[in-house]
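**Student:** Sequence first, predicted coordinates after that:
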Number of protein chains: 2
Amino acid sequence: MDPGLAFGKVLRVVRTEAGLTQEQLALAAGVDRSFVSMVERGVNQPTIRMIFRFAAALGVAPSRLVELTEAKVLLS
Amino acid sequence: MDPGLAFGKVLRVVRTEAGLTQEQLALAAGVDRSFVSMVERGVNQPTIRMIFRFAAALGVAPSRLVELTEAKVLLS
């Protein structure tokens, strides 16, 4: 699976586990809700800076989001 | 330190430790040498997909590059 697609799926899982809506995550990460939606669908890819902002908003380490993405890429 | 800047410094260290020139890393990652140079200087930011390609070219896990970046951001 493409890492961009895999990251999007991971972002959705971690966001919902954190009990956040796309709107709430967008607000906390300082981006538009539509950007969160496009990243989650693999349409947009986050940069390293955005990965750090999403991670901070979700209360996880950036490397954890990437680890989960690695696992999803490997398992696909 | 900005994560983009920190990632660039990490990329340079890991690349030189791997004994690769910018040209060799660029070839292995399928990008232009100038892109490697701009990422290392923090001018360009890699996307999640590029982080995976750099990591594969360097023989490290993508999350390892991000972990090192986290450490550099925290220590700055």
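**Tutor:** It's in. Numbering: from 1, shown residues only, chains lettered A, B, ... in the order given.

**Student:** okay, which residue is most central for chain A?
**Tutor:** Nearest to the mean C-alpha position of chain A, by C-alpha atoms, centre = their mean, lies A:Leu11 at 2.9 Å.

**Student:** hang on, it packs against A:Leu65?
**Tutor:** Yes: applying C-beta atoms under 8 Å, one finds A:Leu11 in contact with A:Leu65, separated by 7.1 Å. No exception for glycine: its C-beta is placed from N, CA and C like everyone else's.

**Student:** Overlap in contacts, the two.
**Tutor:** Common contacts of A:Leu11 and A:Leu65 (C-beta atoms under 8 Å, 6 or more residues apart in numbering or on different chains): A:Phe54.

**Student:** Quick check: residues of chain A near chain B?
**Tutor:** Proximity of chain A to chain B, by C-beta under 8 Å from any C-beta of the partner chain, involves residues A:2-4, A:7, A:45-49, A:51-52, A:61-64, A:66-67, A:69-70, A:73.

**Student:** List only buried entries from these.
**Tutor:** A:3-4, A:7, A:45-49, A:51-52, A:61-64, A:66-67, A:69-70, A:73 (16 or more other C-beta atoms under 10 Å in any protein chain shown).

**Student:** Restricted to helices, list those residues.
**Tutor:** A:3-4, A:7, A:48-49, A:51-52, A:62-64, A:66-67, A:69-70, A:73 (DSSP state H).

**Student:** Contact partners for A:Ala6?
**Tutor:** A:Thr69, A:Lys72, A:Val73, A:Ser76.

**Student:** what about the last one, neighbour count?
**Tutor:** Just to be clear, that refers to A:Ser76. As a burial measure, the neighbour count of A:Ser76 was computed by other C-beta atoms under 10 Å in any protein chain shown and equals 10.
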